[in-house]
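A.B. asks: 3D, please:
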Amino acid sequence: MTNLLPSLLQILLGILLLFGGGELFVAGSTAVALMLGIPQIVIGLTVVSLGTSAPELFVSLIATVQGNEAIAMSNVVGSNIFNVLVVLGMSALVMPLSVRSRLVRRDVPLLVALSMAVWGMASGSQLTWQAGVALLVGLLINLVWEIRTAGENPEEAGEFDASERLSALVAGLRLLGGLALLVVGSQVLVRGATTAALGLGVSQTVVGLTIVAAGTSMPELVTSLVATYRGKVDLAIGNVVGSNLLNLFLILGVCATASGGRGLAVDPVLIQRDLPVMVVTTLACLPIFWSHGQITRLEGGILVMLYALYLGEQVLSNSVSSLTDEYRLITLTAVVPLVLVFLVWQALRWRHERKAGV
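C.D. replies: Prediction:
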């Protein structure tokens, strides 16, 4: 454990630097968006999501350039799972989250389709540079779509406090300062995570799915929790959905392209277990978002519980592998059916209330 202490301290320092950099980047970019008069939900889906996804971007890109591709891919997959189950779940525990029709109608179905597409692209154990270019083109199309449809629902614009409106100079300085901290923090985190993986005797994929993913997702968690506490639920939900879209479009696109002709290697474990989990958790958003147009505290608690089960499987498979099969059997036969029944019940209730005009 003593030998691991420097690596763990590096991970902690990297996370703190990423957190500080993400906060500065979000503050600066939000101020710029306010100057441009962009609606609140669009800020959450684009500007704030880009800021809170910056740690994942820098960590994954530096890991790819340094040849640690397992960390790059698993970081994105683990972050998307963490965002849906933990960030949305904990935010809903603070306050039930009202869901705008825009998310149900447009952004969540897009996220579901994109998650399935990435799973399919990675099924050959490699995300090619051509796939990376396709993802970046998809990002550009989606960004243009966001901008063109930003004014369709003016009631979703929302208001920000006067204190959040910064001068152009202060906004620029915060952007540059945040960028510098993100670069340094990502290098420190990747170095510490790689050393810790070697010291613990586990794969870089596992470290990327857990420690790195949770660490780089801290900005999303804090941003959404604070936004929820202040009553800005649009910003909280839009931040999660937008971050997940950017993780797949931007981060995987950039990393696969930057990997050159060799492509981005994908661990078979990700294809068999974690990418399907990412798709299923994203699919689960649809019936949850449909029910009463909000995420209730009960649903938030279920999401957090599911992440605890997922994390338990990760720990057992790498520490007490003899119990992994029993754990999976219990989860599949007891917990998963109950969750599926709950989701189906929510969908049927939504359909009944819609027919009744509630």
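A.B. asks: just checking, residue 72 touches residue 60?
C.D. replies: Yes: taking CB atoms under 8 Å as the definition, residue 72 is a contact partner of residue 60 at 4.0 Å. The C-beta positions use only the backbone N, C-alpha and C, and glycine is treated the same way.
A.B. asks: so what's residue 127 up against?
C.D. replies: For residue 127, the contact set (CB atoms under 8 Å, 6 or more residues apart in numbering) comprises 73, 118, 121, 252, 255, 256, 263, 264, 266.
A.B. asks: Cross the residues you listed against helices and list the overlap.
C.D. replies: 73, 118, 121, 252, 255, 256 (DSSP state H).
A.B. asks: got the contact list for the first one?
C.D. replies: Okay, so that is residue 73. Contacts of residue 73 (CB under 8 Å, 6+ apart): 60, 122, 127, 205, 208, 252, 255, 264, 265, 266, 267, 270.
A.B. asks: follow-up on the earlier one: shared neighbours, residue 72 and residue 60?
C.D. replies: Taking CB under 8 Å, 6+ apart as the contact rule, residue 72 and residue 60 both touch residue 255.
A.B. asks: number of nearby residues for residue 301?
C.D. replies: Counted with other CB atoms under 10 Å, residues neighbouring residue 301 total 14.
A.B. asks: Look up phi and psi at it.
C.D. replies: phi -60, psi -40 (degrees, to the nearest 10).
A.B. asks: surely it meets residue 94?
C.D. replies: No: counting by CB under 8 Å, residue 301 stays clear of residue 94, with 11.7 Å between them.
A.B. asks: low-scoring stretches of the stretch 101-250 of the chain, by residue?
C.D. replies: Applying pLDDT under 70 to the stretch 101-250 of the chain flags residues 101-104, 147, 150-166, 168, 234.
A.B. asks: Could you pull out the strands in it for me?
C.D. replies: Using DSSP state E, counting those that start in this stretch, the strands of the stretch 101-250 of the chain run over 126-127.
A.B. asks: helices or strands next to the helix or strand encompassing residue 7 in the packing?
C.D. replies: Residue 7 belongs to helix 5-35 when elements are defined using DSSP states H and E. Applying 3 or more CB pairs under 8 Å, 6 or more residues apart in numbering; DSSP states H and E, we find helix 5-35 packed against helix 48-65, helix 168-200, helix 213-216, helix 218-229.
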